[in-house]
Structures are given as C-alpha cells and as structure tokens.
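Asker: Pasting the sequence and the predicted coordinates here, then a few questions.
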Amino acid sequence: MSPRTSKKRCFNCPSLHHRKCLAGKTMRLSSYKPGQKGKIVQVCGDPDFRLRMMEMGFVYGADIEVVKYAPLNDPMEFIIKGYHVTLRKDQAADILMNEPEKAA
Amino acid sequence: MRKELVVALAGNPNAGKTTIFNALTGARQHVGNWPGVTVEKKEGSLKHNGHNVHVVDLPGTYSLTAFSLEEIIARNFIVDDGPDIVINVVDASNLERNLYLTVQLLEMGCKVIIALNMIDVAASRGIDINADEMADLFGAPVIATNGKRSIGLDKLLDTVIEQASDPDAQKDLLSLNYGFEIEEELDKIETELHKAGVHDTFLSNRWLSIKLLEGDAEISKKIHSIPDHSRIFEKVDKSRKHLTEIFGDGPEILLADARYGFISGAVKVSVKVERRDRIDTSQQIDKVLTDRFLGPIILLAVLYTVYMFTFQGSEPLVKYFEFFFKWLSETVTDLLPDGLLRSLIVSGIIDGVGGVLGFTPLIAFMFLTIAVLEDTGYMARIAFMLDRVLKGFGLHGASMLALMVSGGIAGGCAVPGIMATRTMKEPKERLVTILVAPLMNCGAKLPVYALLIGAFFSSSKAAIMFLLTIISWGLALIAGKIIRSTVLKGPSAPFVLELPPYRIPTFKGLLIHTWERTWMYVRKAGTSILAVSIVIWAMMTFPDLPEEKLTPFDNQINEITQSFLADPAVKEFFNSPEDIEKFKEYQKNFQGKNRKDLAKKDPNLASLAVALEELDTTGRSKSEVGSSALMAANAYLNFSKAKLAVEGQKQRDKLRYTIAGRFGTALEYVTNPLGFDWRTNVALFGGFAAKEVVVSTLGTAYSLGQVDPDRAGDLSEQLRNEPGWNPLTAFTLIMFVMLYAPCFVTLVVIRRETGKWRWTFFAMIYTTTLAYFVAVTVRSVGLFFGLGVS
C-alpha cells in the first residue's frame, strides 16, 4: 500500500551517498509478519528520522520482534530493547532487516 | 557549603521520574503513562541532613538532541541554570534505551547520579543489575530506588549532598572514545573554540565540539554570538564533510551509534539476564485490548463509557453550580439598585464568568476519565488503533485525545483539549490539531443546538445530535487535511510512540491530575474571561437608546399601568404603581415558612397571590379564594404580560442600538445568503464570549428579555412562529455555530500554546470562513430541494 516504491525511496535517500544502500538485498521491517524476529541491518530515510530512530534504540544489529499490526493494519507494534513501541508502516519500510528468524 | 542545592530530575518518559519527584518532595503532581506528560517545569523543596535541596522535575525525554520542545526545555535548563546535580532516573527494566540519555547527560559534563528505578520490575523479568559495576563503567554513582515504595531515597539524597559538596567528584567524567577519526576532528574543533576564547565553563568545550559536529542548531546559534565564529564553523563544516566521506554517514548518526555501542557493552558487563519464560502481562492484556476485532469494539465501548460518565456523573454537580450562580446573580440583583452597575456585575461579570465556571464539574469529570485512560496506559493504545484513520488527514494518533476532549464526543471543551496537545511531540501535527480542535462540538455549543433542535427537530433529537457529531468530525478531519497540505505542508513526523506497560493508577495520582488540570481551567476563567466578558458586555450595552426613543416605551408602560389600575376588579388590591411593586415583593417572599406569617399580616394580598399561583399552575382556580381575588389575578396576569411585551421590545431596540447591534445590522448584507438577520448576528457576536451566550442574546433580540439557556422553551416557541425561521434556517445556524470563530478563551489558549498571534488570527479567520461557506452551501442545497420555504 505504501505509495513509495523501493527504488524511488532509495534514490531520494539523502544520507547514503557513500555507504552502499542495502535496500533490495534485504527485507523491510514492514514486510515482517507478527511474531517474526530479526536484526536491523540499516536505517534509511532523512537524517532526522534516522537519528530519532537510533535514539529510540533502532541501531544496527538491534533485535526487533513484531508483535502485531493495529486493527486497521497500520501502525505496527514492536518489541525492541525490551520495550514496546509503535511505528507507521511507511516508516518501518525504512528499516532494513535481515531474514527473520523463526518465532520462538 | 552552599545554602541551597539545585537538583534536576531527568529521565525517559514512563521511567517513574514523576513518582520519584513526588516521593522526594511530597509535591502534588501527576503520575501518568502517556509519554511526555510532564511538559511543565515542576519544582519542589526538601530538607536533608540540614541541607535545603531544591528539586526541578525536567520533562521526560528520550534524549537531549533538541528535537522536541521537551528536549529543548530539559537541555536548556541544564545548560543555562547549571544544577548542582542531575539525578537521572533510569527504568531498570528497560535499561539500554534509558541509558542513552544517561550518556548524553554525562557528556554534558554535569554531575550525574543514576537512580536505578523499578528494580523490582526488572528483577521479576529476570534482569539482574550489578550497580557497582555500572557505576564504575559510567563514572557516576548508581543508586537503586523504588519511587512507589520510597525505597533508596535516603541513600539517593545522601549521595546528592556528598557529590555536590565534593568539588572533585566526577572530575573524571565518562569520556566516551568515539574512535580515532572522530576524536581527531573533535580535537580540531576544540582547539578552534579555545582560539576563539571559549573556555571550559560548566559546559566542557568537548561537549560543545560534539554538538557542533552533530550540527546541533541550538548550540550553533549560541556559537554564532561569538565574534570569531566564522573560523569555528569553517572547521566544523570541514570536519563534517570529512567524516561523512569516510563513513558514508553524518556525524550525528555515527555518534549516536557509538553511544549505543558503548551502552550495549556496558550492559553486557553489568547486567545478567536470567532466561526464563516470563509472562509479559501487558502483552497478554493487549492480546484482547488491541485485538483486530475486539480492540475497536472495546475502544468504542470505552469512549461511550467516558461520555456517559462525564455527563451523567457530573450532572448533579453541574446543577449545583448553576444553582449557585443563579443564586448569586439573584442576590446581587436584589442588593443593587437597577442601573449600569448592576447590569455590569450581573450580566457582564457573573453571567460571563459563571457561564464558564458552571462547566467546572463537567471538565473535572472529563479530566478524571482522561487521567484514568492515561495512567493505565490505554491512551497510547487509542492512538495506536486510531492512527491509521487520523494520519490520512494530516493528524496523528495522539491527536485523538485532544479532539476527544475538545468535544469529539459532544460536550467537551476546546480549552483543555488544546492544552492536551502538549502530549504531542510533532510540531506540525500538534499545530493542526490545535487549529481543528475548536471545530468539535464543545459543551457550550450544546445549549444552542438544544434550543434549535428543540424548536425545529424535536421529533428526532438523538438522530440530529449524532449527525452533528459526525459532521464536526468530518469537517475537522477535512480541515486538518487542507491545512496540512497548504499552510503547514511538509512530511509527517515519525510516529514513534511507546506503548507503556499497563499500570493500575493510584487514586491519589488520579485526583492530583484531575485537580491540576481543572484548576488551570478555572484560573483561565477567572482572569482573561473576566476582562473580555466586560468588553463584550459593554459592546452589547452601549450606547444606550436616546431619550426620545425611550420615552414612547415608558409612556406605553405608563398607559398599561394606568389602565390596569383603573380596572374596577383590582381596586381592592392596587391603588398606585407603588402597590404593584409592593405586591411583587410580597409575592416573592410568599413561600415556605413565611407563607403563614405573610397571610396573617395581609390576607387580602395572600388571596391574590394564591389565586395567581393556581392560575399559573392549573389555569383555573379551585375556588379556594374569592371570585374578586380571582378576577384581580386575571387582570394582573394580563397586565404583566402586556408590560413584559413592551419591556421586551424596549430591550430589543436597546440591543439593536448598541455597538454590537449596529455591527450585526451592518453584517446583514453578508449574512443574508445564510438567512440570518441582525438578531442572529448579534447573538453570534455574543457567542464570541462563550457559545451558550448565543441563546440568551437571541432571547433579548426576540424581545423575550434575558433567556436562561437551560430553559429556553419560550424562545423555542417564539422562533418556531417567527417568519424566516424554519428547519433549514435552524440547521444553517447550527452549522455556523459549530464552525465559526472559537470563543476568545480558546483563542487565548491557542495564543499561549502556539506562542504566535499569527496562528491565533488564522484560527479565527479560517473557522469563520469555513462556517460561512458550509452554511451557505447548506442553505443553497436546502433551498434547491425546496426545503425551508415557510
């Protein structure tokens, strides 16, 4: 449903001039299903958003578990660093993840 | 030793900072679960071992990056006021994220004491924290505390005094090594700062360098005031570019990453997590409360309960308040002679302020329910479930609270609603919410709706009310969307909302919370409302009708009085106008205990009074009184009616002659397409003081004298029979009242919360424009379909 296609988004991503953009080779957090767990590989988006995310604990290598989607399918609820937090799906799409582990 | 120590409390939202603050100072303060509820600076004092300690509760923040208002407030306090000690309250059960703020505090160079709070919760989750190890790693004392049970507070205060009195304490600040490249650039900037004459003060140059390297706007502004700043910024720009080239990321990201790196290292060393199958109670509760199907149903039920509780629960108290203000205005009316002073005090001050204060119980009940929703943590879930709906309109899940309070379920008030937007961290979304909140159906609009619905839609009251609720939501959302895509364009802020664990609120906390907010409302009513009430009263009172226009009315009243006195039926009771006045007084006192005494004193008047009562209630006499009294009573009744009619006309002409009346008349050109004449216009003008004033002003304008908004039956009747009034006119007026300029109290609050007159005027103008266009549309469509031709 997100209007931004992955290509366009990364084209606009201002802070990844040098680091290799990993979108396309990784999964987006927004495509995780409830109960799935994984590690953050990269956080895209404009610098303010990325910094905000990092401050809330969304750093590289952090474990995230998707708890559920809101009744209207957006936003999503996660557990990260031991607390529950919610993000809209289009923001979660900016968080690149590795392949999810099987839920315990 | 210093006489007074200044201690700042810093910490993440939901870390239990407020509980610690309350336990330390005993101050009345709220403890909530909604992230960021402590926006206001709260202070308290205490004595410990002969030291006066002044505690300042900083807003709860996740960091000190100066993203949000709270972060700026918290940081500026530390930077500008230089507290002796910062107590950093850390949620032990949520350590990593909480320690990010700790690292930032330590980096600033202030003396920090870490209060490891909620250690019991952490223990129950199998988290075992080695406080000594942690203290070593961070270079700051770590004290385990429990705010709710006041555990560890003495030790915390001992440490505060010990650290504050030791000038060498924490000299070896945590100096996080950011790695060779970054450190090199930081060194260069520090050197440049020294060259420019900036020396370590309370804030270290290292911290300034870090902030400059991060591109921090606030600090950059500060450095700009230094004469030699151009060289510093040249250096900073070069360093930023250099680092971005090497690492492919901005320095602010690199530094944040490094801080988290340090924290996870520290946590690994000092924390042992015992793996056990813990049950996350909140998550279990959420399985039901935010369930895809059950969640929305429960949400609706909760909102409905809030509504019922707020209105039905507060009803007796509201009645009591109304009774009080009525009594007050009656007493003052009796005490003061008829004239301008009485009019000012009764119509200007008591009615104006009383009209607003009369809502106090309702507001208190609403705040109580909101406090319950916040303190339990359910409010965040409401935002979670409704964000999808609201974000489409440029709003935010958290806007829900403000809109609900403002009258999302009819009967709120935009004043506390706008204040509630303080819980929102996103400036644009917050502003839009503030701007659309006045479109909701606040409690003051309800008497106007009640009047018009009662007059023209009495058969379908509930349906119309429901329709109005839907319409106000729809228009508020659309207006939000429009404002957001024109005046306030820009990407939406990230919706990063913590869903705090469910907690059982304490009774005391709820009461404190409710009291604080209600008191804020009352204070507002007492100050600015007083001033504007008087201004509006003056505009609706002056200038007075000139003598030559008043005399015809007075003559008419005289005539009526004379012919009444000439009636042979009343000769027995009344001989002069003074007798009439005397009887009025007599009739007023003729009740309760006095009845017997008065009847004994003057049986003649008593029989008349009884006859009048019987006529009034049953329309016929049970012949308990003599026929002469009955005839006189009949004559008296007719006389009263005739006199009231003339007096009503006089009041109406007076109103039309005032500034407001002329204004309303002049506006008829503009309001003709809406079907409003000068009377409606004046009423709408009066509604600027408070919307319910529309009812009483309409009463005056329709020659009924002042009409009590709650007993507007006569006015309803009158409007129904008035030419030009029909269901379409009524509905047009309802729509206009719903949407037009917020009352001035709301505007005052908008000014205060946005800090800009610009937005205050914008709110006033756009709402009125919207009201006008919607009203014109309603009327045109109605006329097109042949409605409203009476």
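Answerer: Nice, I can see it.
Asker: As a check, name the ranges of all strands in chain A.
Answerer: Assignment of strands within chain A using DSSP state E yields the ranges A:27-28, A:37-43, A:63-69, A:76-80, A:83-87, A:95-97.
Asker: Report the contact partners of the closest residue to chain A within the stretch 601-750 of chain B.
Answerer: With C-beta to the nearest C-beta as the measure, the residue in the stretch 601-750 of chain B that lies nearest chain A is residue B:750; the distance is 26.7 Å. Backbone N, C-alpha and C define where each C-beta goes, glycine included. With contact set as C-beta atoms under 8 Å, 6 or more residues apart in numbering or on different chains, residue B:750 has these partners: B:418, B:434-435, B:742, B:759-760, B:763.
Asker: Are we agreed that it is in a helix?
Answerer: Yes. Read with DSSP: H, G, I helix; E, B strand; the rest coil, residue B:750 is one of the residues of a helix.
Asker: hmm, back to that, and the strands of chain A: which comes nearest residue B:10?
Answerer: Among these, strand A:83-87 comes nearest to residue B:10, with 18.2 Å by C-beta to C-beta.
Asker: Just give the strands next to the closest one in its sheet, each with its orientation.
Answerer: In the sheet containing strand A:83-87, its partner strands are strand A:76-80 (antiparallel), strand B:497-498 (antiparallel), by DSSP bridges.
Asker: Same list (the ones you listed) but as TSV, adding mean pLDDT.
Answerer: As requested, those are exported to TSV (pLDDT from 0 to 100):
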stretch	mean pLDDT
strand A:76-80	93
strand B:497-498	86
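Asker: Need the winner for burial among the ones you listed.
Answerer: Mean neighbour count (mean count of other C-beta atoms under 10 Å in any protein chain shown) peaks for strand B:497-498 among the strands paired with strand A:83-87, with a mean of 24.
Asker: Can you tell me which residue of chain B sits closest to chain A?
Answerer: Evaluated by C-beta to the nearest C-beta, chain B has residue B:248 as its residue closest to chain A, separated by 3.1 Å.
Asker: That residue: how many residues sit nearby?
Answerer: Here the number of neighbours of residue B:248 (other C-beta atoms under 10 Å in any protein chain shown) works out to 16.
Asker: Quick check: phi and psi on it?
Answerer: As for residue B:248, its main-chain torsions (degrees, to the nearest 10) stand at phi 70, psi 20.
Asker: Can I get the strands paired with strand A:83-87 in CSV including distance to residue B:692?
Answerer: Formatted as CSV, the entries for those read as follows, by distance: least, C-beta to C-beta, whole Å:
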stretch, distance to residue B:692
strand A:76-80, 42
strand B:497-498, 36
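Asker: so where's chain A shaky on pLDDT?
Answerer: Across chain A, the stretches falling below the confidence threshold (pLDDT under 70) are A:1-24, A:102-104.
Asker: Return the residues of it in contact with chain B.
Answerer: When proximity is defined as C-beta under 8 Å from any C-beta of the partner chain, chain A approaches chain B at A:15-19, A:47-57, A:59-60, A:67-75, A:77, A:81-88, A:91.
Asker: Buried subset of those, written for ChimeraX?
Answerer: Once 16 or more other C-beta atoms under 10 Å in any protein chain shown is used to decide burial, the buried members of these can be selected in ChimeraX as follows:
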select /A:15,16,49,50,51,52,53,54,55,56,57,59,67,68,69,70,71,74,75,77,81,82,83,84,85,86,87,88,91
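Asker: doesn't residue B:760 fall inside a strand?
Answerer: No. Assignment of residue B:760 by three-state DSSP gives helix, placing it outside any strand.
Asker: ok so, going back, per-residue confidence for the residue of chain B closest to chain A?
Answerer: Looking at residue B:248, its pLDDT stands at 77.
Asker: Can you pull the phi/psi pair for residue B:85?
Answerer: Dihedral angles of residue B:85 (phi, psi; degrees, to the nearest 10) stand at phi -140, psi 140.
Asker: Which secondary structure element is home to residue B:10?
Answerer: Counting by DSSP states H and E, the secondary-structure element that holds residue B:10 is strand B:4-11.
Asker: For that strand, could you pull out the residues that count as buried?
Answerer: Neighbour-count burial for strand B:4-11 flags B:5-11 (criterion: 16+ other C-beta under 10 Å).
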